[in-house]
Structures are given as C-alpha cells and as structure tokens.
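Colleague: Here is the input, now give the coordinates:
(2 chains)
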Number of protein chains: 2
Amino acid sequence: MTTGHIFIASSLDGYIARQDGDVSWLTPNGAEKEDHGYSAFYESIDGIIMGRGTWDVASRFDPWPFDKPVIVLSSHLSQADLPPGLGGAVQVWNCSPHETMQRVAAEGWNRAYIDGGKLIQSFLAASLIADLTLTRVPVLLGQGIPLFGRLPKERALMHQGTRTFASGLVQSHYQIIP
Amino acid sequence: MTTGHIFIASSLDGYIARQDGDVSWLTPNGAEKEDHGYSAFYESIDGIIMGRGTWDVASRFDPWPFDKPVIVLSSHLSQADLPPGLGGAVQVWNCSPHETMQRVAAEGWNRAYIDGGKLIQSFLAASLIADLTLTRVPVLLGQGIPLFGRLPKERALMHQGTRTFASGLVQSHYQIIP
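Modeller: As a prediction, this is how the structure comes out:
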C-alpha cells in the first residue's frame, strides 16, 4: 500500500496560511535562503495528492513546479477545467482518501506527498499518513487556515528528530504510530 | 512593569488538555522522569496568575504546590469561595489583564507566571507576555482545550532555543517581539 507523507510549515499557533491564503510570513529572517529539506523530501516521493484549495494556488504557478504526477482530489473540478498546457501531468479524481491510495498504489506509487490543509486533515483522520515533517515559523498569526482538525481518535507520534535554523524555524519529524 | 511568562505543554495539534480537562497524555514514554525545566522556571517567577479554569484544577491539589503568591482572575469567584486552609496564599481578583499587571507591579513582582488556556490567550492579546516556553507532546488529540486563540494582531517571535527529550517532547523558547 502507498504511504502518505506530510511536509508542511505552520505558524506557532497552527495556521498554514492567513485567512486569505497569504503565506508571505513563511520565510522570516532570511529563511528563504536556508535548506529546510524540501528538495530531498520531494525526491523521495512518487507523486503529489492535493485538494482543491491547494490546486487553486498551485495552478497559478508559472513555470509548473512539479515533474512528478499530481492528483487533485475534487468533487467539483473535472479534467476539462485544467489548463491545456499541463497535458497528463495533472489528473482530477473524485475519490475518497482510501480509494485514492488504492488507485495510486495500482499505479506503482510507494510514497505519496499529501498536501493542503483539508486534505491533510482527511488523510490523517483516515489513518493514511505514515509520517509528518512540520516546520514551525516563529509567528503567532491569531487566525487563518488551520493545519490540524478534528480526528476520530487520538494518534500517538514517535519523534524522529528536530532541527533548528538561524531564521528561527524549528522543524520536527514524527512517525505516526499505526 | 511586571513581565508575563508562559511555560506550558501542548499536543502537536495545539491542545493543553482533553475536552474534559484530562492531561494524563502529557507524560508519554517516561517523560515524567525527565527534567523539562519547570523547577528552574518556577524559581524565576515572583508569583502566579491563573484563570478560573486552572484554579478549578489547582484547588484540588493536596498538598498545595505553590510557595509563591497566586492570583486567581475571576468575575464569579470571590475570596470567600477559597478553602480556608490557603490563608493569604491565594487572592481572587476581578481585574483586566492590564489592571492585574499594574497591581502585581505595585506589589513588587518582576516576573509573573501566566497559566491557563484562556488567560494565556487574553494576556497574549493584551501584549503582556514577554516570552513563551512551549513543550510539544508527541500526540495528536484531534480535539480539546486549545492553547492559542484569536489575536487582535499578528505577533512576531524570536526563537531562543529548542531542546528535545528521549520521551519525544520538544521544547522551544520564544521571545515575543514587542
């Protein structure tokens, strides 16, 4: 079965974006010049699964930043809504988290990058996440789009390590105990 | 002016207690045998300011764990509601965060320990917190009593250091930039 992996940053109070989606606060104190391990993480995954909200942001990226398959989970979008230039790089599926993981497993994925607030919450709730790399940005936003949400049951984590950066970012890696 | 200081633990998803107040998850993997610096922090403060919710828990402690003055902020409790055994150790004040800090300053406090979820939120919102030591417990509770709440404006933090423990606890210290 394909495993799900999260690599994300949040404010200290747990938001992944301001209420309007703005993420300019993610790189304080020169953080944009530091290597927080995103490239190594990206190399380790076979494809990206994102929700509609993340797609709305990612679809405006020019040039397109991904050279791996991208699945957009949406019950409203369809393949015809995608920009023509993306060819087969992006597929829109209307599937549950479990169905999605079965389909990408059938396509040979070992590791899926699960991206976006609501999608992360639904994959965590469905016990489809193997590990989580969370980078805390030293700011309290006070409101915004939350990283975590309700879960049907508590999940114990195993701390794998923490790195700190001169910018004040603190990155912790956790395995989720099945 | 007296400065406010926070020393608290939360789940990775930002809760300080389960919905029913239970905090038994705070010490996984032998964490209760580790020194997370509480005693050193306690030595550094002149007194404790807590809210009604924290008082409801603390008032059941036997023996009474504090040998420093405790202020309970409440608009409902009065001094007559306190157990007689506590003598002058605990005072109930019906004051705003700003008024409280002015009164404890007049009593000679330099550093106040601000404890309890709602009280922490109101003192953060009132810009009365100088620094924050936050210990993350490796668990996702999925729901509970949140540490952080809405703020009238964003607050930048300065990361002062992070320690990790064999139990998986990760403790970060932040100054709040005025």
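Colleague: Hmm, residue A:12 is touching residue A:144, no?
Modeller: No - contact status for residue A:12 versus residue A:144: not in contact, 11.8 Å apart, counting by Cβ atoms under 8 Å. For every residue, glycine as well, the C-beta is placed using N, CA and C.
Colleague: From residue A:95, how far out is the most centrally placed residue in chain A?
Modeller: Compute the mean C-alpha point of chain A, and by Cα atoms, centre = their mean the closest residue is residue A:115, 2.1 Å away. Distance of residue A:115 to residue A:95, computed by Cβ to Cβ, to the nearest Å: 16 Å.
Colleague: ditto for residue A:71
Modeller: Distance from residue A:71 to residue A:95, counting by Cβ to Cβ: 8 Å.
Colleague: The two: which has the busier surroundings?
Modeller: Neighbours were counted for residue A:71 and for residue A:95 using other Cβ atoms under 10 Å in any protein chain shown; residue A:71 has more, 21 against 17.
Colleague: Please identify the helix or strand for the more buried one.
Modeller: For residue A:71, the enclosing helix or strand under DSSP states H and E is strand A:70-73.
Colleague: That strand packs against which elements?
Modeller: Using 3 or more Cβ pairs under 8 Å, 6 or more residues apart in numbering or on different chains; DSSP states H and E as the contact test, the elements touching strand A:70-73 are strand A:47-51, helix A:52-58, strand A:90-93, helix A:97-106.
Colleague: partners of that strand in the sheet?
Modeller: Using DSSP bridges, the strands paired with strand A:70-73 are strand A:47-51 (parallel), strand A:90-93 (parallel).
Colleague: could you redo these as JSON lines and give each row mean pLDDT?
Modeller: JSON lines is the format used below for these (pLDDT from 0 to 100):
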{"stretch": "strand A:47-51", "mean pLDDT": "97"}
{"stretch": "strand A:90-93", "mean pLDDT": "94"}
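Colleague: To residue B:46, which of the ones you listed lies closest?
Modeller: With respect to residue B:46, and counting by Cβ to Cβ, the nearest of the strands paired with strand A:70-73 is strand A:47-51 at 48.8 Å.
Colleague: Pull up the residues of chain A that are close to chain B.
Modeller: Where chain A comes near chain B, counting by Cβ under 8 Å from any Cβ of the partner chain, the residues are A:12-14, A:25, A:28, A:124, A:134, A:136, A:138-143, A:147-159, A:161-162, A:164, A:168-170, A:172, A:174, A:176.
Colleague: from the residues you listed, which would you call buried?
Modeller: The neighbour-count test (16 or more other Cβ atoms under 10 Å in any protein chain shown) applied to these identifies A:12-14, A:25, A:28, A:124, A:134, A:136, A:138-142, A:147-148, A:151, A:155-157, A:159, A:162, A:168-170, A:172, A:174, A:176 as buried.
Colleague: Sort out which of those residues are in strands and list them.
Modeller: Those of those mapping onto strands are A:134, A:136, A:139-140, A:155-157, A:159, A:162, A:170, A:172, A:174, A:176, per DSSP state E.
Colleague: Which strands or helices does the helix or strand of chain A with the lowest mean pLDDT pack on?
Modeller: Between all helices and strands in chain A, the lowest mean by mean pLDDT, DSSP states H and E belongs to helix A:52-58, at a mean of 89. Helices and strands in packing contact with helix A:52-58 are listed as strand A:70-73, helix A:117-125; criterion 3+ Cβ pairs under 8 Å, 6+ apart.
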